[in-house]
Each structure stands twice: as structure tokens, then as C-alpha cells.
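>>> Next come a sequence and a model predicted from it.
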Amino acid sequence: MRLESLQEVALAIAQERSLDAILGRLVEGLATEGVALARVWLIDAGDICATCTLRTECDDQTRCLHLVASAGRSLDGTEDWSRLTGDFRRIPLNARKVGYIGRTGSSVLLRDIGLDQRWTPRAEWVARESIRSFAGHPLIFRGETLGVLGVFSRTPLDDSAFEWLRTFANHAAVSIANARAFAEVERLREQLELENSYLREEVNVALSTGDIVGSSPALQRILQQIELVAPTGASVLLLGESGTGKELIARRIHDRSLRRDRPLIKVNCASIPRELFESEFFGHVKGAFTGALRDRAGRFQAADGGTLFLDEIGEIPVELQGKLLRVIQEGQFERVGEDRTRQVDVRIVAATNRDLQADAAQGRFRQDLYYRLSVFPIHLPPLRERIEDMSELTAHFVRAASARMNVPSARVTRQHLDALRQYSWPGNIRELQNVIERAVILARGGPLRLDIALPPGLREPRLRTVERPAEAPAVLMTDREFRQLERENLRAALAQADWKIYGRGGAAALLGVKPTTLASRMKALGITRGGASPPRP
């Protein structure tokens, strides 16, 4: 073993930043200098305790030595000594000579390994490969033992070679510690980039929508449920029609949780193409598929330590739900094209306007995933069930729209509120916000123009006459009369479509609404075919 060669290897290692490259250069450099076998073990958490061949010698399953690099050659050249498997892939601390070094931080030199009485090696291997000596040094950096460097030599190792190996091990420990530091810096940089990228849009949306508005009993029940579940870390499933404010509720849960200092990452599951699902959620490595020009982290990694809001969770294809279940249940995943298993700590808040329980019963959604998501379900009421909040919501949206457009705030009259309360709002709060914004644009700083703000197909006669002069009063209906009229209209559309809801020629298409909206309105109005059986899809 030449001093110059060890110096060259130490210099090459010092120039590397990748831990894998450092470990490879370390053992390969030693193997080219007369060492039969050079190996490095690093201390890490116990992970294969149930199958470890040295389990009976382990008195602490929380940590052990993991074989991370190996190089050498057999005398006949038939054995591959670079593999990281075998009986000594894990060595308990204080077991055998390598474990002793890892536990005590002391070096070991066996000049004649065949005469050793403390640690008996495999005699047949020693004889077959003509092994004479063993030298092992702890890899210590700033008082912490990182691992063990061990070499088996076919030539006797003297004190001089043993000391040079100690110096070499000290240099290697510094390089390993630096590589880990570089990796942590890179991880944090990547995490910040992810958070900046994903949160930029989230912050803009949060600023534009404001806080939860309203004081109705239905809303107060929701807020009480949030206060109960937010600090617990349990998974939450938000249920309700489209436009009821699920994202705003998810933000409130995150803001009231112990994870509020970490990011809230939003994913619209319905917008992710099937072939990009794994990459979007778990990330990919460069070259994993066509177009993967660089490594990319996924949404789960971006949300590590925080909350992941999975909107439209019911739209994920069944064949992909198993991968999602694994990371939610075990906190483990692999990037596309990578063998390394990564660990994350993410709280899940999911949302859907579908009946997931019914979907699970019919095989369209995994039952185990449904139960994992619905630890604490929260049902969000539609706007028609919290009509008491109409005045506060309207005033809030008028102020927000006027400020955004830099126009004077339009005046909201009692007639406006009466008209708004009469409408059924199939699009819920989202529809109300859009209507108010259109009305503010049309008002140009004057009175609110609700008479023409609603879409043509949704206008009611009384809304078109809100601004009528006193000599032409509007014809009003009671709420009961209005609901009866709406019920008759829906029944007429269903009868014309032969009670078909979905697809071309269905009742939803005839009415110009989404099938899910029609189904919700039918349920709210108690409409069933023949008064007993539900309509066919």
C-alpha cells in the first residue's frame, strides 16, 4: 500500500460532492492498492431486523451499520465483491469486529487474522483467498461516529500502514460529512423552490377570496367541526356540491393546525392526465420518460411537514388509487425512474362533490382509500341552505370586486337581497361571486345591476324587475310557490328525457346544467321517479 496512492485517492474524494461518488472512489481506490476487499458501513436506522442474519447478536434495533460501498476481487476472479447484499449487509453495533469499531469508536488491527481469538472470521474464506490481515477504523467527524472503514489484505499490514489508513479514514469522514451537508442544502433549496412555485398561485387565490364569511347556524356548525379536527392531524374529507367553498375550508383547517408554518399544497386531481399522475404526485428523475429533462420533485415532497389538499379526489382512476393509498398510509413513495424510497410526513385534506361511499360500494373507488380519507368527514351545506348569509356574502363580494376594479363600491339595496334570496343558486357561492362581479362591472360605480347580471337561462322574472319603477311592481312568489315551480320544471325536463340524466338528450343537457348539479337539486327537492324509485343514469 503506497502512501502516494492513498494521497491521490484522498484528494480525488475531497473534490466530490456526491455521497455515492465519494464512497465509490474510496473503496475502489483502496482495492487497486493491494487490498483484497475494502468496505464502508454507515450508521443508520434499523430496517431489516426481521431478516437480518445477525439478529441474535443485536441488542438495539434502533440503529445498526449499513453496508454502503464494497470493492475487491477474488483470487480466481469469479466472485463479485462490489455487491451490497449478503450476510454482512447489516451489522449490529458492538457485534463482530466491525460492530465493535462502530460502537466504541476504536480502531482494530489484526496483523494475522488466522490467529485472532476475539473475532473469528470465516475460516474457509480466509484460507481460500489467502487473507492475512484486517484493519478497521471508525469514520469520525466532530466527535460523531458516522460509520466504519474496513479492509482485508493478502499482505501483512504493519503499524505504518495502519496509521496511514487512519489518516485516510479521517479524510474520508470529512468528505462524507460534507457530502451529506451538500445534499441537505440541495434538498432545502429544492424544497424552497417547490414551495415558491406551488404557493405563488395559492397566495394569490387566498388574497382574492379572503376569509370565510357568514354567521348562519349551518356555517357555525362547520366552523365548530374545524376547531375540533384541525389540531389533531387526522385526515379530513370535505363533501358537498361544487362551489360551496371546500378550498377555503381546507385553508382554515391548515391555518388552525400545528402544521400552519409549513406549506398547504393544492392538487386538482381531475386536471392531472392519467399518464402524468405518478410524476405529478411523486416526482421523477431525469430521463425517466420522454421530456423528463431534469429531476423534479412531486406534490407530496413539496407538502412535506404540511398539508396536501386533494380536490376532486373522486376523479382519480381506480388503478392509480393504490399508489396514493400507500403514500397516505405509510408515508413512503418512489419517484418515477428511481429505486430510492423517500419518506414524507403529510396531512391529507380531500374534497369531492361525489358520493364516494356509493362509488366504493360499486367498485369505482377503493374502499380502503375511502376509509383512510374519511377519518373526519365534513359536509358543506349548499348556499340555498345558508340563505341567512346572503347579505354578508353579497356585501363582501361587492367590496372585493369594487376594490379589484378600482371603482366605487356599488350600493346593495333590500330589493337586491330579496331577489338574491329567491334564487336557488345551483352553482352555490362560486356562482354568487361571479354574478356579483358581473353586476359590479355593469354598474360602473352606480346601482348594482342584478337585472342583467344573471345568465339568460337562469334569470327569473322578478330579478329582471328589481329596478322597475313603483308604478309597475314586480310579481312575487313565496318560497313554497317558487320551489313548487322549480320542481315542476325539473319533472317536465326529466319526463321529456325519459328520466335520463346524463349524456346527450339527458335532462341535464335540456336544462343547461351539470348532471351533478341536477342530481343535487333533485335530492334537495325530493324528486324521484314515480315518487318511489330513483331515476336511471
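Received it, and whenever you're ready, just let me know what you need. Quick caveat: nothing in here was measured; it's all calculated off a predicted structure.
>>> Quick check: beta-bridge partners of the residue nearest to residue 379 when sequence neighbours are not counted?
Residue nearest to residue 379 in three dimensions, not counting chain neighbours: residue 239, with 5.0 Å by CB to CB, 6 or more residues apart in numbering. Backbone N, C-alpha and C define where each C-beta goes, glycine included. Counting by DSSP bridges, residue 239 is bridged to residue 352, residue 379.
>>> check contacts around residue 239.
351-353, 356, 377-380 (CB atoms under 8 Å, 6 or more residues apart in numbering).
>>> go on, residue 53?
Residue 53 sits in contact with residue 87, where contact means CB under 8 Å, 6+ apart.
>>> where's it relative to residue 495, distance?
74 Å (CB to CB, to the nearest Å).
>>> helices and strands around the helix or strand harbouring residue 40, which ones?
Secondary structure assignment for residue 40, by DSSP states H and E: strand 35-45. Counting contacts by 3 or more CB pairs under 8 Å, 6 or more residues apart in numbering; DSSP states H and E, strand 35-45 is packed against helix 19-31, strand 63-72, helix 96-104, strand 144-153.
>>> Include distance to residue 255 when you put the ones you listed into TSV, please.
Formatted as TSV, the helices and strands packed on strand 35-45 follow (distance: least, CB to CB, whole Å):
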stretch	distance to residue 255
helix 19-31	38
strand 63-72	37
helix 96-104	45
strand 144-153	38
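>>> Point out the most buried one among these.
strand 144-153 (a mean of 23; mean count of other CB atoms under 10 Å).
>>> That one pairs with which strands, parallel or anti?
Here strand 144-153 has these sheet partners by DSSP bridges: strand 35-45 (antiparallel), strand 133-141 (antiparallel).
>>> Please identify the one among these that comes closest to residue 435.
strand 35-45 (56.6 Å; CB to CB).
>>> so residue 225 sits in a helix?
Yes: according to DSSP: H, G, I helix; E, B strand; the rest coil, residue 225 belongs to a helix.
>>> Wait, it touches residue 379, no?
No: the criterion here is CB atoms under 8 Å, and residue 225 misses it with residue 379 at 9.2 Å.
>>> out of the two, which sits in the more crowded spot?
Shown here are residue 225 and residue 379; by other CB atoms under 10 Å, residue 225 has more neighbours (17 against 13).
>>> So which residues of the stretch 251-400 of the chain form helices?
Per DSSP state H, counting those that start in this stretch, the stretch 251-400 of the chain carries helices over the ranges 277-282, 299-302, 318-330, 356-361, 367-373, 390-405.
>>> returning to that earlier point: rank the helices and strands packed on strand 35-45 by mean pLDDT and give me the bottom one.
Of all the helices and strands packed on strand 35-45, the minimum mean pLDDT falls on helix 19-31 (a mean of 87).
>>> can you list contacts of that one?
With contacts defined as CB under 8 Å, 6+ apart, helix 19-31 is touched by 5-6, 8-9, 12-13, 16, 37-40, 68-73, 149, 151, 172, 175-176, 179-180, 183.
>>> Now do it against strand 133-141, angle only.
150 degrees (axes from the mean of the first three to the mean of the last three CA atoms, to 10 degrees).
>>> Now do helix 19-31: distance to the chain's middle.
35 Å (CA atoms, centre = their mean, to the nearest Å).
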